[in-house]
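In: Predicted structure and sequence below. I'll ask about it afterward.
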Protein chains: 4
Amino acid sequence: MGMVGGGQGAFIGAVHRMAAALDSEIDLVCGAFSRDLANCSQTGRELGLTQDRCYSDLGEMLSCEASLGLGGGAAGGRGGMQLLSIVTPNNSHVDFASQAAKAGVHVMSDKPAGISLEEVEDLAVVLQATGTHYGLTHTYLGYPMVWQARHIAASEAFGPIRKVHVRYVQGWLASAAEDGNKQAAWRVDPALAGPGGALGDIGSHAHSLAEFICNSRMSSLVAHLRSHLPGRLLDDDGEILFELENGVTGSLVSSQICAGEENGLSITIYGENAGLEWHQEQPNSLIERRATGEVITHRAGVDKPLCDEALSRCRLPSGHPEGYVEAFANLYRNFARALRDGVAPITYGVPGIAEALRGMAFLEAAVESSNCAGALTEI
Amino acid sequence: MGMVGGGQGAFIGAVHRMAAALDSEIDLVCGAFSRDLANCSQTGRELGLTQDRCYSDLGEMLSCEASLGLGGGAAGGRGGMQLLSIVTPNNSHVDFASQAAKAGVHVMSDKPAGISLEEVEDLAVVLQATGTHYGLTHTYLGYPMVWQARHIAASEAFGPIRKVHVRYVQGWLASAAEDGNKQAAWRVDPALAGPGGALGDIGSHAHSLAEFICNSRMSSLVAHLRSHLPGRLLDDDGEILFELENGVTGSLVSSQICAGEENGLSITIYGENAGLEWHQEQPNSLIERRATGEVITHRAGVDKPLCDEALSRCRLPSGHPEGYVEAFANLYRNFARALRDGVAPITYGVPGIAEALRGMAFLEAAVESSNCAGALTEI
Amino acid sequence: MGMVGGGQGAFIGAVHRMAAALDSEIDLVCGAFSRDLANCSQTGRELGLTQDRCYSDLGEMLSCEASLGLGGGAAGGRGGMQLLSIVTPNNSHVDFASQAAKAGVHVMSDKPAGISLEEVEDLAVVLQATGTHYGLTHTYLGYPMVWQARHIAASEAFGPIRKVHVRYVQGWLASAAEDGNKQAAWRVDPALAGPGGALGDIGSHAHSLAEFICNSRMSSLVAHLRSHLPGRLLDDDGEILFELENGVTGSLVSSQICAGEENGLSITIYGENAGLEWHQEQPNSLIERRATGEVITHRAGVDKPLCDEALSRCRLPSGHPEGYVEAFANLYRNFARALRDGVAPITYGVPGIAEALRGMAFLEAAVESSNCAGALTEI
Amino acid sequence: MGMVGGGQGAFIGAVHRMAAALDSEIDLVCGAFSRDLANCSQTGRELGLTQDRCYSDLGEMLSCEASLGLGGGAAGGRGGMQLLSIVTPNNSHVDFASQAAKAGVHVMSDKPAGISLEEVEDLAVVLQATGTHYGLTHTYLGYPMVWQARHIAASEAFGPIRKVHVRYVQGWLASAAEDGNKQAAWRVDPALAGPGGALGDIGSHAHSLAEFICNSRMSSLVAHLRSHLPGRLLDDDGEILFELENGVTGSLVSSQICAGEENGLSITIYGENAGLEWHQEQPNSLIERRATGEVITHRAGVDKPLCDEALSRCRLPSGHPEGYVEAFANLYRNFARALRDGVAPITYGVPGIAEALRGMAFLEAAVESSNCAGALTEI
C-alpha cells in the first residue's frame, strides 16, 4: 500500500496506517506524505520506509512504483504498490483517486469522496473504465454492533421501522480553532473541504449510518445549517429532518460547535415493537428496548450470540473493549480480501462508489435545502 | 385540598396526592374523584375521607365546602377546602379552574392548562378578577438539577447559549393502546385532549423545560408531526426545529410511538464554552462538559455545592436518589408557601398563568406549522 | 403516629415523616422531637401539630396520648397515637421501644435496633409479652428491584447461588466531621452508637441486603475493621468475608472514609447460570447477565414484567424514577396494613424483631472477629 | 519478532500480533506457532510468512534465525529475529525465555512469568548474565487512564492513599468449560498453569494494577480461594484482603465463576480528600470524586488535560474509543523503543523481571494463606 497525505501535522493518516497494520495483511511500502519534501522524508523514515520510496508527489509515486512491478500491494511483497490510501483534504480526493485508477492502482479514500457530485461522477466513469477497485472509509460501518443493529432492525420481531434519530456532535470548532490549527483550517475552507463544513466532515457519517442501519436511502429532507462564528464560510452546526424511501422519518443533528462534546455520534431507531440505541463512544453495547418491557444490552465479542456479520467484525471475547482503530481496520481487511478474491469490496461490506455518489447527493441536497430556508428538498 | 378527578383507573391523581402528602403541609379533605358515584365513594374511603366529603361533581363540592368555612385548605385544619387539585382530562381543566376561582378556591392544575389558547385566556381573566392563585404542574421544574442547569447556563463561564436539543420519547402508544386503555383513550381523542396528542401530553413538558433552562421564550419553529396508527386523530410523533428570542436555535422531539422507551426526557444545551446534559431518568446527575476538556457531573444533594434554588429543592444528602414524586411535591410545597405568604406562586418557582398561556401558544403554533408542511411559524 | 427524636438538626426524622406521609395512610399526631423544649415546640409547630401534643419526653407522651383513647394511630383519626416512630441515636432505641410496647403502642424503629444483643433480646421479651408490633427500617428492603433480585436469585434458571459481594461506601467521615457535626458526633461515640461505627450505621444495611436477596443467614465471617482518624473510637472502615448457611461465600465492604463517595450501596450476586447487579444510586435498574451471553436490564415500573412483590412496591410507570423516600414509605405502608389486618408486619415484608436480633448478632460477631485479627467467627 | 505459541485454536497470540503490528514498528518474521507442524505451517501461511521461517520448535527457530544474522528483530529488516514473543501456557514461559536469552534474543512474555518463584529467579540470573531484555505483558499498564489514576493518586490534593479495592471477575469458568475447550483446559491444570487458577490468570492483573496505581508493594494479605466445580484442581474464585507497604489496606476479588461477567476488571482508590474509580470495560473514563462534592470524569484523548504519561499513551482525540489492543501495543512499542535506545524497558513503563518476581511472590503467598484458612501471610 502507498499513501498520499498523512505527513507530520496530519491526523487521519496515522489512523489509516494503524488500521492497515493491525491485521498484518497490508504493508505500507511507499508514500507521498507531504508536498514538503523534508516532512515527507521524515515521515517515511519514521515509518521504516527507504527514502527512494518517499515521493514528492502522487504522479512520481505512481510512475516509479509501476516500474517496480506487481506484488507490493495490499498483501505485501517486494514489488510496487497495488493500493493507494488517500488521506489528504477533500478537494484532492477525486483527482488522486482518478490518477491512481488510471495507473491500475486500487484506492481507499478518506471520506467524503470529493467536493462535488460532478467530480465524483467523473471518477465513477474512470473507475468503471479502468476496472480498479475503490473504497471509502465510512468508519462506523466497521463496528460489529452497527451490523447487529441493522440485523435486528430488519427482523420480523422488531417490526417495520418507523423512526430514526441520529446525532453527531463535536465541540472542537466552538471557538475559532481554525486560527493556527491545520486540521481545523482546511475543514472550514470551502475550496479545500467542499460544500459542507460539519456536515461534510461528520454529518456524512451520520447519514451513512442511518441509511445503513435502516437499509433504505434518504429520499427527502429539510435542513437548517448555520455557522456560529463570524467569517466562517461553511456550516458548523445544523439539523435535518428527513424521510427514507421506505417511509421512515427522522432527524439528523450535525454540529462541531457543541462545546465540550468529544465525538458524540449516536443513533436511535424505532420499529413497531422495539427500539435500538447505539453510542459510538461505547461501541460495544447496543441497547434494545422491547415494547413488552424487556431491556436487553447486546454486547460485542466473539463469545456473544450475535449475527454472523457482527461476529466476523469482533476479534476478542466480550468485555475487552475494541475500538475505533479496529473498526477502521475491518474496512481495510475486507478491502484486501476483496482484492484477493477478485470481488467488489462492497461484497465484504466496504462502501464503494455507489455510496460515494449517495453521500455527495445527500450533501448537496442538504446545503440546497438550508439555502432555501429549510425547504423540502429531494435527493 | 380538594381534588377533582383521580378516581380508580386514573393515574396522575395518585401522583398528585403523594406529592401533596410528602411534606405534610397539605391535607386532602375532600374530592369529586369520579362522576361514577361508586368509584368516587370508594376512592374517598381508601383515602380516609368521610363520605360526606366525597362529592358527585365539582359544583356540589365547591358549594358544600364553602359552607364549612375557611381553614381546610392547603395548610390543613377543620374548615372547607381552600385549594383545588385538577387531575381530569385536558378538556375540563379550564372549566374546573374557572369554577374554583369564582368560588374563591385556589387551583393547582395538571398540564396542559386547557385545550385552546382562547379558553385559557378567558381563564386568565377570571383569575385576575377573582384574585385566586393558579398553579400548573410542569413537573420537571421541580427537579433540583433543572434549576442547576439553568443556573450554569446563565453563568458567564458558560458563555452565551447557542443550542438546545430536547427530546421526550415514550413507547406506550406504539401500538393501539387506546383500545381498552382509559389513559390512552382520552389522550388520542381531540375532544378530550385538545389539539396536541403526544405534543400536548409530553412535548409540552419538553417545551417548558427548554424555555426554562435557556431562560428565553420560543419565538419561531418548524414542526413535523404525524400519527403512525391508522385512525388516530392526534399526533403521536413529531420533530420541531425552533429559535428562541435570544437567538438560540434547537430541536424538540416529541413521540409516544418510540417502542420500548419508558419516559425518555432529556435535554442538552451548549454555550460558547461548555455543554450541559440532563436525563430525567437519572435526575440527580447533570453533566457539564467544558471546552477545555473537563467533564464534571453535578449531583443533587443537600451536601453538594449547588446554587440556592437547586439546594432548596433537595431534601437528602447526595446519593439517595430523589424522584419524580418529590419533584412534584416541590411544586405543591412552594404553592402552599406562596398561599401562606400571600405572594404569587411564581415567586417560589411554581409555573402560573403566564406559563399556561405560553404553553398553549406554543402548542397551537406547532400544530399550525405542521399543518403547513413544516412552514416557519411565529409563536 | 407519634415520633420520638427528629427535631431540628436531625436528619433521619424528616425522612421518616416524608415516608409516613407519602401514601396518606398515616397521620403524625404528636411528637417528643427533642429534649430541648424550644426545639420540640418549634418542630411541632412546623409540622402543624398543636402545642399540647408536643411533649418533653416519651414518658409524658405515652401517658398523655393514652388518655386520648384509641384512634389516633397509624390510620389517623382523633384519638391518641397508636404507633411510635423512633428516630433517636442508637442507644435509646431499645428503651423507647420498650416503653412504647408496655404502653400498648406499636413501634417503628430506626436501625440498628439497639447497642447490644442483650438489650434487644430483652426487648424481644417485652414485645412478646405485650403483643405489640415492631418494625425496623432496613430501608433497602423497600425497593422494588431488591425484591426482584431475590425473586430471580431464587429461580431455577439462575441456578444455585454461589457468591455475593456487597459494598456500602460513604465519604462523609473521611475527615473529622464529628467536630461540630451533630450527625457525625453521635455516630462515632460508642456510648450513643453502640459497638459499630460505619458497620452499625451502614454495614448493617449491607448485611441485611445480602441475607435478604440470598434468602439465607450469614453463618461465619472474617472481619477487618479499622479507624483511620486519630482518636476515633469506632470503626470507620472495614472488610468482611463471610459464608451463608446455604454455603454461599462473599465479601462485605463497609466504610465511611471513602472520600467523595455519596451513598454507594451496591451488590452483586452470582448463581451457576447468571449474575445480578444492583446499585442503590440507580435503584430502578437491576442488571442480569446470563452465562449464555445475554445482558438484561430489569426496570422498575407498574408496566414492567416483574414479580408480584416488586410490582406491589412500584407506584409509577417505568422511567419515572422512584426513590429513597418511596422505598421508606413502602415499609410504613406495609406496617400500617399489617396493623389493620392484625398480622405481623413481616407478613407484608417489614423486617421485625427476628431481623433485629440477627443484625445485632452479626454486628457483634464482626467486631469480635476484627478484634481477633480477623479470626473466623461464628454468628 | 518471532513468536512461540499462538497457532490455530489459541487466543492470546493473535492479540499479541495485532498489538505488535499496530504501530508498524515491529515485523513478525518467524514463528514456532504450534508443535503440530500442520498447524504451525498454516498459521505462518496466514500471517504471510514463508514456510522456511515456520519452525517446529523454539530450539530450531533460535538456531536457524541466528544464522540469518542481525536485523530481523523488533525494527523489521531482512535478518533473523531479535525479539521473541512468548504466548504459550504458563509452564513453558521460563524455559522459552531462558532459551531465547541464551541465544541473545530479547523476550516479551505473556503473564504470569512462570509457574514458580524459583524458576523465575533462575530466569532472572540468565537474563542478567546474557544482558538480554525481558518484558511481561501486564496489559492494563498500557492504558492511559491507569497512568492518570496513578498520577492523581500521587498528588498532594488527593491526600495520602488509604484504601484500594480491586476486582477482576469473569464468568467463563462458571461451568465445566475445560471439557473440550483448549483455552480453559490448560488454565485449570496445575502442571500447565502453575499454582494459581483464576488468581494466576486474572488475579495477577488485579494485583499488578493495585500496586501500580498505589505505587507501593503489597506487604501482607489474607486470601480465601476456592474451586466451585467438582474435580477442578485450581482456584476459580477467591477474595484477598491486603495491606501495602505504605499502610494502604484493601481487598482483591478474583473469580472466573461469576456467571455472566465478561472481563470485569475495576478498581477504586481512596485518599484523604478524594476517590478514584476505573473500569476496564470503559477504559477511557476515570472518575474522580472529591470530598468537596465535585465529581470529575477524566477522559482519555490527545486533546485532554492529562499527565504526560497518560497523554503519551493516547493516539486519538477524545471520544474515539481506544481499546485493549492499543493498550497492548503500547507495551510493544515501548519495548521496541527501549531496545532501540539501549535502555531497560521499564524506563518506558514496560514491566520487567522485577515485576515478574513480585508477581510470583504474591501468587505463592496468596495460595499459602488460603491453604492456611486465610492466615495472615507475608509476601
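Out: Sure, I can see it.
In: From now on I want contacts and neighbour counts done on CA atoms only, so please keep to that.
Out: OK.
In: What segments of chain A are helices?
Out: Ranges of helices in chain A, per DSSP state H, are A:12-22, A:37-46, A:58-67, A:93-102, A:117-130, A:144-153, A:182-187, A:190-193, A:198, A:204-214, A:308-311, A:324-341, A:353-371.
In: what about the closest residue to A:P160 other than its chain neighbours, distance to A:E243?
Out: Excluding its sequence neighbours, the residue lying closest to A:P160 (C-alpha to C-alpha, 6 or more residues apart in numbering or on different chains) is A:G271, at 5.3 Å. Applying C-alpha to C-alpha, to the nearest Å, the value for A:G271 to A:E243 is 15 Å.
In: So the two - more neighbours on which side?
Out: A count of neighbours by other C-alpha atoms under 10 Å in any protein chain shown puts A:G271 above the other of A:G271 and A:E243, at 28 against 20.
In: Hmm, the more buried one is touching A:G159, no?
Out: Yes: between A:G271 and A:G159 there is a contact under C-alpha atoms under 8 Å: 5.2 Å.
In: shared neighbours of the two, anything?
Out: Shared contacts of A:G271 and A:G159 (C-alpha atoms under 8 Å, 6 or more residues apart in numbering or on different chains): A:A153.
In: Quick one: neighbours of the closest residue to A:V4 other than its chain neighbours, just the number.
Out: Leaving aside its sequence neighbours, A:V4 sits nearest to A:A32 (C-alpha to C-alpha, 6+ apart; 4.8 Å). A:A32 sits with 29 neighbouring residues when counted by other C-alpha under 10 Å.
In: A:A32 reaches A:C40, doesn't it?
Out: Yes: contact between A:A32 and A:C40 holds when scored by C-alpha under 8 Å: they sit 6.4 Å apart.
In: intersection of neighbour lists for the two?
Out: Counting by C-alpha under 8 Å, 6+ apart, the contacts common to A:A32 and A:C40 are A:C54, A:Y55, A:S56.
In: where does the stretch 1-150 of chain A have low pLDDT?
Out: For the stretch 1-150 of chain A, the stretches flagged by pLDDT under 70 are A:70-78.
In: And for the residue of the stretch 101-250 of chain A found nearest chain D, the neighbour number?
Out: Scanning the stretch 101-250 of chain A for proximity to chain D using C-alpha to the nearest C-alpha identifies A:Q170 as nearest, at 9.2 Å. Close neighbours of A:Q170, defined as other C-alpha under 10 Å, add up to 24.
In: Could you pull up the residues touching it?
Out: Going by C-alpha under 8 Å, 6+ apart, A:Q170 touches A:S255, A:Q256, A:I257, A:C258, A:A259, A:G260, A:E261, A:E262, A:N263, A:G264.
In: Report the buried members of those.
Out: Buried members of these, counted by 16 or more other C-alpha atoms under 10 Å in any protein chain shown: A:S255, A:Q256, A:I257, A:C258, A:A259, A:G260, A:E261, A:E262, A:N263, A:G264.
In: what subset of the residues you listed is also close to chain D?
Out: A:E262, A:N263, A:G264 (C-alpha under 8 Å from any C-alpha of the partner chain).
In: Format those residues as JSON lines; extra columns: pLDDT.
Out: Formatted as JSON lines, these follow (pLDDT from 0 to 100):
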{"residue": "A:E262", "pLDDT": "95"}
{"residue": "A:N263", "pLDDT": "93"}
{"residue": "A:G264", "pLDDT": "94"}
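In: still on that earlier bit, so what's the closest residue to the residue of the stretch 101-250 of chain A closest to chain D other than its chain neighbours scoring on pLDDT?
Out: Counting by C-alpha to C-alpha, 6+ apart, the nearest residue to A:Q170 once its immediate chain neighbours are dropped is A:Q256, at 4.4 Å. We have a pLDDT of 96 for A:Q256.
In: What distance do you get for A:Q256 to chain B?
Out: Distance, A:Q256 to chain B, using C-alpha to the nearest C-alpha, to the nearest Å: 11 Å.
In: repeat for A:E262
Out: Applying C-alpha to the nearest C-alpha to A:E262 and chain B gives a distance of 9 Å.
In: What separation do you get for the residue nearest to that residue when sequence neighbours are not counted and A:W278?
Out: Excluding its sequence neighbours, the residue lying closest to A:E262 (C-alpha to C-alpha, 6+ apart) is D:G319, at 4.8 Å. Remark: distance between D:G319 and A:W278 (C-alpha to C-alpha) = 14 Å.
In: A:A97 now?
Out: Look at A:A97 and A:W278: by C-alpha to C-alpha, they are 33 Å apart.
In: out of these two, which sits in the busier spot?
Out: The residue with more neighbours, out of A:A97 and A:W278, is A:A97; 26 against 21, by other C-alpha under 10 Å.
In: Specify the beta-bridge partners of the nearest residue in space to the more buried one that is not next to it in sequence.
Out: Take A:A97 and drop its neighbours on the chain: the residue closest to it by C-alpha to C-alpha, 6+ apart is A:V107, 6.1 Å away. As for beta bridges, A:V107 partners with A:L84, A:Y134 under DSSP bridges.
In: Show residues contacting stretch A:351-371.
Out: Stretch A:351-371 has contacts (C-alpha under 8 Å, 6+ apart) with A:112-117, A:120-121, A:124, A:134-138, A:195-196, A:199-200, A:204, A:207-208, A:218, A:221-225, A:240, A:345-346, A:375-379.
In: re the thing from before, need the contact list for the residue nearest to A:A97.
Out: A:V107 touches A:L83, A:L84, A:S85, A:I86, A:A97, A:A100, A:A101, A:T132, A:H133, A:Y134, A:G135, counting by C-alpha under 8 Å, 6+ apart.
In: what two of those are the furthest from one another?
Out: Using C-alpha to C-alpha, those reach their maximum pairwise distance at A:I86 and A:T132, which is 14.8 Å.
In: Which of those two has more residues huddled nearby?
Out: A count of neighbours by other C-alpha under 10 Å puts A:I86 above the other of A:I86 and A:T132, at 30 against 20.
In: Quick check: the more buried one touching A:I12?
Out: No: when contacts are counted by C-alpha under 8 Å, A:I86 is not listed as touching A:I12 (9.9 Å).
In: show me what contacts A:C307?
Out: Applying C-alpha under 8 Å, 6+ apart, one finds that A:C307 lies in contact with A:Q148, A:H151.
In: wait, A:F212
Out: A:F212 sits next to A:L141, A:R150 when contact means C-alpha under 8 Å, 6+ apart.
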